[in-house]
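1. no sequence on hand, only this structure:
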């Protein structure tokens, strides 16, 4: 039973005899001396801040474990790969959590569809000038064969024997899988995430 109004001495006695467990009284600090004179009190332990923080941390760990178990982080791994070469992956994860905490404390901004391209990933494509391939051919293959949106395609460098295409991090895995095995200018394409030297 939950009481939001301060009971009289008689009402406190009735509440104690009703059964169904001890009543819970919501009072302010000024009402506590009177209530102690009327009834025997047992403080109700509420979850302290540390327990709530541990619960939030555990919930976050469970969400991360769920994502890792599902295996839906290929694009994110491709995006972070250059950082893993320079820093310990645990430090990168800690920095990402710190960034998430910073943005979580501020008002979250909505992301416009065109803003996703800010994080571009480089994709190596095994056709180049020698194969008479052009940037136009690569854009066409990415859109038609791989299903990558035009807005997700960035700069394209066509070199002598290969090309490097920048795509949005979220579309990188789809671009590699979609290009792999297709043909551009009669040549079968090999595609992979580019490793910068």
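-> Cool, got the structure. As the structure is a prediction and not an experimental result, all values here were calculated from the model. Residues are numbered from 1 along each chain as shown.
2. can you tell me how far the spatially closest residue to residue 159 that is not a sequence neighbour is from residue 166?
-> For residue 159, ignoring the flanking residues on the chain, the nearest one in space by C-beta to C-beta, 6 or more residues apart in numbering is residue 128 at 5.0 Å. From N, CA and C alone the C-beta is placed, and that goes for glycine too. To residue 166, residue 128 is 16 Å away according to C-beta to C-beta, to the nearest Å.
3. just the strands from the chain, written as ranges.
-> 2-3, 24-25, 120-125, 153-158, 163-168, 183-184, 187-188, 191-193 (DSSP state E).
4. now do the second one: distance to the chain's middle.
-> With C-alpha atoms, centre = their mean, to the nearest Å as the basis, the distance from the averaged C-alpha position of strand 24-25 to the chain average is 40 Å.
5. follow-up on the earlier one: surely the residue nearest to residue 159 meets residue 164?
-> No: contact criterion C-beta atoms under 8 Å: residue 128 and residue 164 do not qualify, at 9.7 Å.
6. if I pick the residue nearest to residue 159, what's in contact with it?
-> Residue 128 makes contact with 158-163, according to C-beta atoms under 8 Å, 6 or more residues apart in numbering.
7. out of these, who has the most neighbours?
-> residue 163 (26 neighbours; other C-beta atoms under 10 Å).
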